[in-house]
Structures are given as C-alpha cells and as structure tokens.
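# Starting from these lines, generate the structure:
(2 chains)
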Amino acid sequence: MSAATKKLWGVLAQYENPAQVYTAAERVREAGYQKWDACTPFPVHGLDKAMGVPPSKLPWAVLVVGITGSTFMLFFQSWAMGNAYPFIVGGKPLFSMPVFVPIWYEVTVLSSCVTAFLANWVMNGLPQPNHPAFASKAFERVTDDKFFIMIEAEDPRFDLEKTKTLLKEAGASLVEELED
Amino acid sequence: MAHAIEKPTDITIPSTSLFAKLPMIGGVMAVVGLGATLGSAFGENKARAMYAYLFGFEVALTVALGSLAWLLINHLVKAGWHVVLRRIAEATVMALPVFALLFVPIAAIGFHELYPWSHEMDEILARKTWFLTPGFFFVRAALYFTIWSALAWVLHSNSTKMDDESDPSKRASMTGRLITVSAPGLALFALSSSFAAIDWVMGLQPHWYSTIFGVYFFAVSMLSFNAFLALVSMGLQKAGVLKTAITTEHFHDLGKDVYGYGVFWAYIAFSQFILIWYANIPEETEFYIMRTQGGWQYVSYALPVLHFFVPFFFLLSRHVKRSRLGLAIGCAWMLVMHVVDLYWLIMPNAGLHGGGEGHHEPHLAVSYLDVTALIGFVGVFLALFGFWLNRHKVVAINDPRLGESLAHENY
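Below is the predicted model of the structure:
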C-alpha cells in the first residue's frame, strides 16, 4: 500500500453548493479539459451544458433497435401464424392484423426499453465495481451534501499543479489527489 | 427560500392584438354559424342540422373539459411547472357554464332526432329503460353542467382573486383550497365526463355499448386541450405577452403532453376496437360495421394513420417538440384530427333513424351544416375564451409557485 507503487489517477475537487460546481465546471470546460467529470448528490439543472457534454446518443440506439424489434415482430407473427403453424383461433382469418397489434406494440416497447437500459450501462462504462474516487473519505459525501469535479491525469492538458490551482481558484473547498 | 423572483411584466393583452378582438370575432362566427345551423333545424334538414349541432358541440366541449381536467390534475399533484400557462386554462374552463345553455337545443329541438331510444322500443332497449328515460337524461345533464360549472368557478375565482391579494398567508390558503377542491373534483370530473360521453354520444346508437367510451373522451379532451394550449401560448407570445415567462421548457412539456395523449388516444381507441372485433357480438360490432360502409371506411382507415402514426413519428424527436414551428404544426394537425375523430364518432348515425323506413345505410356526405356548426361552436368557444382571457391578468402573478414555473427546466 505504499504510495510509490501507486500511480496518479487524477485530481478531485470538492465544492459546497450547486452554483459553485456549476461555475467551476464552466471554467474547467473553458480550460479545454476533455477527460473529466462532475458528481453531485442530485441532478443540477444545466450542469451538462456548463460541462459542454454533447447530446446523448442513447435516443438513436433506442430508435434503431425499437424500429428493428417492431418490424421483426410484425413479420414474425405473420410468418408464424400464417405459414409456420397455421392455426385458426376464434374463427378469425390466419392473417389477423388486430391480434398482432398488442404483441407488435409490446415488443416495440420491450426492445426499446431493454436497449435504453443496456445502452445506458454500456455508454456509462458500467458495471464499475471500483473507482479511484472511492478511496477518498471526502467523496463519501457526494451522496449527501457535497459536489465534486474530478479531472483525470490522462487528459492531455493535465498538469498536477496547474490543474489543482484551476480547481482551487474555481472555489474548491478541498482538492485531493486520487491514485489508481 | 426567499429569493425575489423576477415577475413577468408583459401580462396584459394589447388592445390591438387578435386576442383582444376574439370576443367580437368569435361572437360573429357564433351568430352566423349557430344561426345557420339552428335555422335549418326548423326546416326539412332538421335531423341533419341537429347532428351537425351535436358534432360542433362536442368538438368545443371536449376542449373545455380538457382544460378542467388539466387544471384539476395540476392542482392535485401540486405541479409547479404549469403556473405560467394556467390562466389560459382558466379562461378556457370558464366556457363550460355556457355549454349548459348550448345544450338546450339538443334537449329541446333535436332530442327526438338524435336519440332513437326516446321513441323506439325493442327487447334490448327494454332492458335499458331504467337509465334511458328522458327525465333521468335531463336530470343527469343538469348534474354534469352543475358539477363542471361549479368546479370551473371555484378554480377560476380562487386563482384570479390571488392576483389582488397582498397577504401571503391568504394566498397560501387559496392555493390550499384549490388543492383540496381538486381531489374530489377530479373524481367528480371523471364520472360526469364519462357519463356525459355515454349519454350524448354513445346514446346515438343505444344498442351499442363500450365500457371504455368515457376514457376515449378523456383522451380526446386532454389531447385537444393540450394542443390548443400550446397554440394559444405561441399566439400570445406573438402578440407580445409572456414573451420570456413561457419558455422552450414549457413548450417541450406541452409537446410531450400532446404526444403522450396522442399515443393514449390510439391505445384506448385500439383497445375498444380489438375487444369488439374479437368478441364479434352483433350489438357491439354494429358500431364498426357502420363505419366500414358508404365512404366511412376511408375515414376509419385514415384515423389510425393520420391521427396516430403520422403525429407519432412527427413529434417523436425532442428537437421538433422544442421548436416552435414543429410544435405548432404538430398541434394544429392534432386539432384537425380531433375534429375528424369526433365527426367519425357522431356523424355515421345521421340518417340511420327517424327516416320512417327503418334502417338506412350509413353514408359519408359532408353537409354545409357541418361546416356552419363547426364555425359556430369554434366561434362561441373562442369568444368565451377571449372574454375571460382579457378580463384578468394573463398569468397568475401572485401564485406561490410562479417562481418555480418561471425557472422550470426539463431534465
């Protein structure tokens, strides 16, 4: 557990309120950092804008898979009921569009929801059992009443002293180094 | 949290704007449209004129009922986002008392022509006579209008009184009263609007029944009112009112409501259809068989496509809902489809009964009377809406949740 075997992962800065973390995020963005993130106990409106996060690609994944699932199910039902296993139910024609609709609808919803759920995990890099920030005692209050920004050492603009100064000048009440 | 909020100042309608002239324009439309329709009700086309009248009546009534439900729901859940838009709904809801007056021709002139159960009798109807008697029918109608008018008055007066109330504790108690009224109010609304739909529209075809019919009308009401609300909000901003108070965030939410109730409408409409189609009972299928004949089949096939699939994909994107032009097109489209939907619900029955020869085939033929009735009722509705909108400030300026609404943001 000696510090020598550890390598610097990044810097963690603590802020006291949403307004502080908001302005700090703007300054970090303006400084041109790429690999960084903000953590708050509750959603802070507009923080994604302050951070310059591009619009999520998630809706596109949901749309594409939703339409695919929807189309597949419609054809599958027609094929199953009409060709593969023709079976008359309730005296209705083999190809009965009305009975297909509930399944068609449900599979559209199901494929969209499952995609939204799974793509959310993939895009957020989950599951992630551990994170360097978990080692920080201060970071425990991220689920309570403190706001954090962390900048990774891998960022091309990362410079330990300069980055620390930037975060402090942005109003950080605490700046810590995180190790991997 | 004693932040001083910056209250909007552009809260009176300029006298030169179209909104200030609405009572006059709507009044002229009402006199011309209703005059022409009701005038014909005393001639040869009496039955047809009364069907057109009922059609126009329902088109406008559902929008007004939508505003009542919208207000009740928002009060009940203590919604914050809706405050900047609420006065528009409160102006709409005040049209309801006048609909009691507009119902009189249906009860007094067209009763016989519209409702076959008033003079026909067979085995099925014999079982329904406990409910379908003229006396009970009129009592029920009076009850619905009493409930709606009372709720409209309570919601409107408590909110507008707050505008001049300087004591915050009194304002809080008024807000509390609005919430307290909304809980039983919503239950009363649900029952009364469902039964009104059953009495006035389902009763056109008294053999037929559908247990989801009241919900269908709720979907129709909420959909049309949200579309109307979004369009009026845009219009008010064009007229220089609430230019900064109503933001893209509010429009986005209205877009979501229009979109969501559009899907809800399709869900309910299809649920009604599939059960009837599947069970295949003559009393029930009659409704759809009539609508697959004499030209009505085109409307029947067009409705799922134009009322559901087209707006579904059009309004799907967040960018469309957040763009004024996109949302305006979507809402205008929904209102047109709302008119088509009610036409499809009411009109196929016209000419089926009361012809003396018994059963007639349904036949799609748009009459000039449909147009005059629509013009008339849109006119009445806009005149009343304009009257109440101009009477008070366009925003509930002293509402405790105004700040929350002004700062509203979507995730």
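# spatially speaking, which residue is in the middle of chain A?
The structure's chain A has its C-alpha centroid closest to A:Asn124; by C-alpha atoms, centre = their mean the separation is 3.8 Å.
# Now B:Asn236: which helix or strand?
Just so we're on the same page, residue B:236 is Leu rather than Asn. Using DSSP states H and E, B:Leu236 sits within helix B:213-238.
# next helix or strand past that helix?
Assigned by DSSP H and E, the successor of helix B:213-238 is helix B:248-279.
# Contact residues of chain A facing chain B?
Residues of chain A lying close to chain B (C-beta under 8 Å from any C-beta of the partner chain) are A:43, A:45-46, A:59, A:63, A:90-92, A:98-99, A:101-102. Where C-beta positions appear, they are placed from N, C-alpha and C, glycine not excepted.
# Quick check: which helices or strands does the host helix or strand of B:Thr37 pack against?
Assigned by DSSP H and E, B:Thr37 falls within helix B:18-40. Packing partners of helix B:18-40 (3 or more C-beta pairs under 8 Å, 6 or more residues apart in numbering or on different chains; DSSP states H and E): helix B:46-76, helix B:213-238, helix B:368-391.
# Please work out which residues outside it touch it.
B:13-14, B:46, B:48-49, B:52-53, B:56, B:105, B:109, B:235-236, B:239, B:241, B:369, B:372-387, B:389-390 (C-beta atoms under 8 Å, 6 or more residues apart in numbering or on different chains).
# And for stretch B:252-266?
In contact with stretch B:252-266 (C-beta under 8 Å, 6+ apart) are residues B:81, B:85, B:216, B:219-220, B:222-223, B:226-227, B:229-230, B:233, B:304, B:307-308, B:311-312, B:315-316, B:318, B:320-322, B:327, B:330-331, B:334, B:341, B:408, B:410.
# Can you say which of those residues are buried?
B:81, B:85, B:216, B:219-220, B:222-223, B:226-227, B:229-230, B:233, B:307-308, B:311, B:315, B:320-321, B:327, B:330-331, B:334, B:341, B:408 (16 or more other C-beta atoms under 10 Å in any protein chain shown).
# what residues does stretch A:158-177 touch?
Against stretch A:158-177 from outside (C-beta under 8 Å, 6+ apart): A:8, A:10-16, A:20, A:23-24, A:27-28, A:31, A:33, A:35, A:136, A:138, A:149, A:151-153, A:157.
# Report the contact partners of the residue in chain B that chain A sits nearest to.
Proximity to chain A, evaluated over chain B using C-beta to the nearest C-beta, is greatest for B:Glu409 at 4.5 Å. For B:Glu409, the contacting residues are A:45-46, B:249, by C-beta under 8 Å, 6+ apart.
# Next: A:Leu63.
B:Leu316.
# now the angle from the helix or strand harbouring B:Ala141 to helix B:368-391?
Per DSSP H and E: B:Ala141 is located in helix B:134-161. Between the axes of helix B:134-161 and helix B:368-391, defined by axes from the mean of the first three to the mean of the last three C-alpha atoms, to 10 degrees, the angle is 30 degrees.
# Report the rounded mean pLDDT for helix B:134-161.
The average pLDDT for helix B:134-161 rounds to 95.
# Now do that helix against helix B:46-76, angle only.
40 degrees.
# how about helix B:134-161: buried residues?
Of the residues in helix B:134-161, B:137, B:140-141, B:144-145, B:147-149, B:151-152, B:154-156, B:158-160 count as buried by neighbour count, 16+ other C-beta under 10 Å.
# and what of stretch B:92-103?
Result for stretch B:92-103 [16+ other C-beta under 10 Å]: buried residues B:92-99, B:102-103.
# what do you get for stretch A:58-72?
In stretch A:58-72, counting by 16+ other C-beta under 10 Å, buried: A:59, A:61-62, A:65-66, A:69-70.
# Just give me how far it sits from the chain centre.
Its chain's average C-alpha position is 19 Å from that of stretch A:58-72, according to C-alpha atoms, centre = their mean, to the nearest Å.
# need the contact list for residue 78.
No chain in the question, so chain A it is. Taking C-beta under 8 Å, 6+ apart as the test, what A:Ser78 contacts is A:95, A:100.
# meant chain B actually
Taking C-beta under 8 Å, 6+ apart as the test, what B:Lys78 contacts is B:179, B:401.
# Regarding it, what is its secondary structure?
coil (DSSP: H, G, I helix; E, B strand; the rest coil).
# Can I get stretch B:278-290 as PDB, trimmed to CA atoms?
As requested, the backbone C-alpha atoms of stretch B:278-290 are provided in PDB (Å, rounded to 0.1, in the frame of the first residue of the first chain):
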ATOM      1  CA  TYR B 278     -62.500 -10.300 -31.100                       C
ATOM      2  CA  ALA B 279     -65.800 -11.000 -29.300                       C
ATOM      3  CA  ASN B 280     -67.800 -10.500 -32.500                       C
ATOM      4  CA  ILE B 281     -71.100  -9.800 -30.800                       C
ATOM      5  CA  PRO B 282     -73.700  -8.100 -33.200                       C
ATOM      6  CA  GLU B 283     -74.700  -5.400 -30.700                       C
ATOM      7  CA  GLU B 284     -71.100  -4.300 -30.400                       C
ATOM      8  CA  THR B 285     -69.800  -4.800 -34.000                       C
ATOM      9  CA  GLU B 286     -72.600  -2.700 -35.300                       C
ATOM     10  CA  PHE B 287     -70.500   0.400 -34.400                       C
ATOM     11  CA  TYR B 288     -67.600  -0.600 -36.600                       C
ATOM     12  CA  ILE B 289     -69.600  -2.200 -39.400                       C
ATOM     13  CA  MET B 290     -71.400   1.100 -39.900                       C
END
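# No further questions, thank you.
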